[in-house]
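S.K.: Kindly return the folded structure for what I paste below:
(chains A, B and C)
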Amino acid sequence: MNARKLLYVDRRVIYLLVAIGALVPIIRPIGLPTVPTKPVQQLFNKIESLGPDDTVIISFDYGPSSEPELNPMAQSILRHCFQRRVKVLVMALFPLGGVNMAIDQLQAVADEFDDINYGVDFVNLGYKDGAQAAMKRMDISIESLFPADVNGDPTKDMPIMAHARNYDDIAVVISLATGIIGEYWVNLVNAQFGVPVAVGCTAVSAPKYYAYLRAGQMMSLLGGLKGGSEYEKLLVDKYEFARELYEQPEIKITSAMAGMDVQSIVHVIIIVFIIFGNTMYFIMKRQEKAR
Amino acid sequence: MRRTIPLVITFLIGLYPIFAFFVPHGSISGANDWLDSALVIVAAFALPLGTVNVVMTNTTKLKRKSRGWQYSIVLLAGLTVMAFYGLVGGTGVHPSFQWMFVNMVSPLQATMFALLSFYVASAAYRAFRARNVEATILLIAAIIVMMGRIPFGDMMTRGMMTPLSEWIMSIPNAAAQRGIIIGAALGAASMSIRIILGIETTYLGTGKD
Amino acid sequence: MVSIGVWINAFLTLCILSFLYKDNPFFRFAESLFAGMSLGYYIGLANQQTLMPNLFMPLFRDFSGSVVLLIPMALGILLYFRYIPRIAWMARLALAVYIGYYIGVMFLQKLHGEVLPQSRDTILQLRGIAGIDVLWNAVFIAGVISVLLYFYFSAEHKGVLGKVSRVGIWFLMISFGASFGYTIMARISLLMGRFSFLVNDWIRPLMGAS
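M.R.: Here you go, the predicted structure:
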């Protein structure tokens, strides 16, 4: 056996194996189980404790580069809030695509609920430049920062704005974040204005957020697709409507729980790569030494 | 003068939010609140600032028919069409703007990043080696966390992987991240002081006047 | 029936994926289109979401009442003077306001929002807990201190400092390993998103399957 040959196999063979590993569970879903963890449970419990008199901010701070990870999270959190009749302010502070993600996800979820109304129970405030400047401004007046919603309609006369004058009215900020905006919500908004913050982040940035979570600067953390699948699981276990919804084929195939099938297969492939690569490496070393 | 005045402005504007934070009196915070609103607008002007540079570079490339000039046409056409629908939309998102985002910008960016999954797998196979103690620790931590993130991990170890992975994340990982956060924050804060005090001036450019 | 949008979406996805085989004109085309459209997107976004509602509309509606908005507008326009060599220096005035403000805000974010709460929590780790948590919190404190000492470069890393910073490296390695594991999950999610689109939104409807 030539270990060197195996170790330096054409990279396209590796690409092909990864592609097959990702495609097979998409074509034939497996349905692997999901176990919720404490950081995710904390946000679920928080939303459970809220009702029609409470308002939350869901900030779409991500773009297409993390869409498959954060869209399922956005949908399940929106469904949970709408089911509890919690008032939802949707906004975006991430420039490349945040507002479009917000439009898409709201469109996908709001139609599922007959008795919630735009401008009364939820509103899409759109995108605003300036990040920290915008966050600071919201402590004075949310309406003055967002005089118009995403469609350009004035927010002044919308009933929901009476429940969202500034941070004092906000029960929790949920930032679905791909980059540094999620950290701003923690180290600026939570630190200076004391608003509880939960971050649903792309898996790449999750390790850093654990330090904030441990310090109590965040009340919950949903890390990547796994975090999204855990939230879906909690929702499905608690609510009958969610169980039926996530059984519908068009919702099931894009859910985070289904996505975990792909994750499982490709993770196993990569773990096998690491173990096999290391074994070949040590065999090669020994062969070279013997020579 | 052309450098001194900006340095004085940086000093005054830089100190103001800090001053307003520690002295939350109405007369002081009022101006600070106005500054917040004003900077939202300035930031909106700043966002497309680099576009001018890109347009200039690509038009020059086109004029000189440099190598790959055809791609400059694609770039400029994409920029013009997207900007056009962004500008005609008024205060709302124009349907064509949203359509182009969903069907063109979004798949392009998402697929660009999706390529990384292949490279990360290739790197795992070719470069992730237990060469010494440190590399071995890294490798073991990575495998445990990966196993803890997928349902297979728990199925193979009777539910041990998720708690073990969570322990790694919230104890040794969070400790290391906290060390990095504190170190980097101290560095960033000292850089802020250097800029406010006019010691660090590179952001003003290298021009003599 | 597959819409034209889905066809374009699928074509551009395949153009980018073709780079895995080797660099080619399809990839170059898609890459340039992406760069151009992203920049155009920023122009549109800034206009419709911030400048129109927060600047132009208030000025149109009530000019005298909103005249103060001309200041940030002038500053914003000044930023672009950098492209006119004769008066490029004037852009520095706007840049000074922009940089000054964000530096001041960041200073607070870093010290008040990170150094203080993170240090406070580290100090309070051993307060009011019992059992195995005492051990884990001790490990945590050791981790924070050793990593901080690893980043302390004002003294040579030998003797006690060398040993402690070595422990710091181990903690960092565990964290980097964890980050690697998480990064894999993030990247696979993206691939899954694209493959899921190609299979479920493009190929399946094309083949008449639900």
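S.K.: and stretch B:163-178, how far apart are its ends?
M.R.: 21 Å (CA to CA, to the nearest Å).
S.K.: is stretch C:64-79 anywhere near chain A?
M.R.: No. Applying CB under 8 Å from any CB of the partner chain, one finds stretch C:64-79 out of contact with chain A, separated by at least 10.2 Å. Yep, even glycine has a C-beta here, placed from its N, CA and C like the rest.
S.K.: got the contact list for that stretch?
M.R.: With contact meaning CB atoms under 8 Å, 6 or more residues apart in numbering or on different chains, stretch C:64-79 is reached by B:34, B:37-39, B:41-42, B:44-46, B:49, C:55, C:58-59, C:90-91, C:93-95, C:97-98.
S.K.: next one: stretch A:270-282
M.R.: In this structure, residues lying in contact with stretch A:270-282 by CB under 8 Å, 6+ apart are A:3, A:6-7, A:14, A:18, B:120-121, B:124-126, B:128-130, B:139, B:142-143, B:146-147, C:184.
S.K.: ok, now with 6 Å
M.R.: For stretch A:270-282, the external contacting residues (CB atoms under 6 Å, 6 or more residues apart in numbering or on different chains) are A:Ala3, A:Leu6, A:Leu7, B:Ala121, B:Ala124, B:Tyr125, B:Phe128, B:Arg129, B:Ala130, B:Ile143, C:Ile184.
S.K.: Weed out the non-buried ones from the contacts of stretch C:64-79.
M.R.: The neighbour-count test (16 or more other CB atoms under 10 Å in any protein chain shown) marks B:37-39, B:41-42, B:44-46, C:55, C:58, C:90-91, C:93-95, C:97-98 as buried among those.
S.K.: Looking at chain C, which residue is nearest chain B?
M.R.: Going by CB to the nearest CB, chain B is nearest to C:Gly44 of chain C, at 1.2 Å.
S.K.: Contacts (any at all) between chain B and stretch A:219-232?
M.R.: Yes. For stretch A:219-232 and chain B, the contact criterion (CB under 6 Å from any CB of the partner chain) is met by A:Lys226.
S.K.: Revised request: answer the last question for stretch A:19-39.
M.R.: Yes. Using CB under 6 Å from any CB, stretch A:19-39 reaches chain B at A:Leu32, A:Pro33, A:Val35, A:Thr37.
S.K.: domains for the chain, by residue range?
M.R.: As the question left the chain open, I've gone with chain A. Segmentation of chain A into domains, based on automatic domain parsing, reads A:3-29+A:268-290, A:38-252.
S.K.: ah, no, chain B please
M.R.: Taken from automatic domain parsing, chain B resolves into B:1-47, B:55-113, B:128-209.
S.K.: Tell me where chain B has strands.
M.R.: Taking DSSP state E as the test, none of chain B falls into strands.
S.K.: which residues of it score low on pLDDT?
M.R.: Residue ranges of chain B with pLDDT under 70: B:89-90, B:206-209.
S.K.: Next secondary structure after the helix or strand containing A:Val123?
M.R.: Following DSSP states H and E, the helix or strand that holds A:Val123 is strand A:122-127. Tracing the chain past strand A:122-127, the next element assigned as helix or strand by DSSP H and E is helix A:132-137.
S.K.: Quick one: list the elements packing against that next one.
M.R.: Using 3 or more CB pairs under 6 Å, 6 or more residues apart in numbering or on different chains; DSSP states H and E as the contact definition, the elements that helix A:132-137 packs against are helix B:26-46.
S.K.: Would the helix it packs on count as contacting chain A?
M.R.: Yes. Remark: helix B:26-46 sits within contact range of chain A at B:Asp33, B:Asp36, B:Ser37, B:Leu39, B:Val40, B:Ala43, B:Ala44, by CB under 6 Å from any CB.
S.K.: one step back: to what extent is the residue of chain C closest to chain B buried, counted in neighbours?
M.R.: C:Gly44 is surrounded by 23 other residues when neighbours are defined as other CB atoms under 10 Å in any protein chain shown.
S.K.: just the one 3 residues further on next, same as before
M.R.: As a burial measure, the neighbour count of C:Asn47 was computed by other CB under 10 Å and equals 22.
S.K.: same question, C:Trp136
M.R.: 17.
S.K.: three-state assignment of it?
M.R.: In the three-state summary, C:Trp136 is assigned as helix, counting by DSSP: H, G, I helix; E, B strand; the rest coil.
S.K.: wait, A:Tyr212 sits on A:Val186?
M.R.: Yes. Counting by CB atoms under 6 Å, A:Tyr212 sits close enough to A:Val186 to count as a contact (5.0 Å).
S.K.: Between the two, which contacts overlap?
M.R.: Taking CB under 6 Å, 6+ apart as the contact criterion, the common neighbours of A:Tyr212 and A:Val186 are A:Met218.
S.K.: Contact partners for the residue sitting nearest the centre point of chain B?
M.R.: Centrality entry for chain B: nearest residue to the mean C-alpha point is B:Leu47, 12.7 Å, by CA atoms, centre = their mean. Under the criterion of CB under 6 Å, 6+ apart, the neighbours of B:Leu47 are A:Asp129, C:Tyr42, C:Ala46.
S.K.: want to try a markdown table for the residues you listed, with distance to B:Pro151 as columns?
M.R.: Listed next are the contacts of B:Leu47 as a markdown table, based on distance: CB to CB, whole Å:
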| residue | distance to B:Pro151 |
| --- | --- |
| A:Asp129 | 41 |
| C:Tyr42 | 40 |
| C:Ala46 | 43 |
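S.K.: From the residues you listed, list the ones also adjacent to chain B.
M.R.: The subset of those within reach of chain B, by CB under 6 Å from any CB, is A:Asp129, C:Tyr42, C:Ala46.
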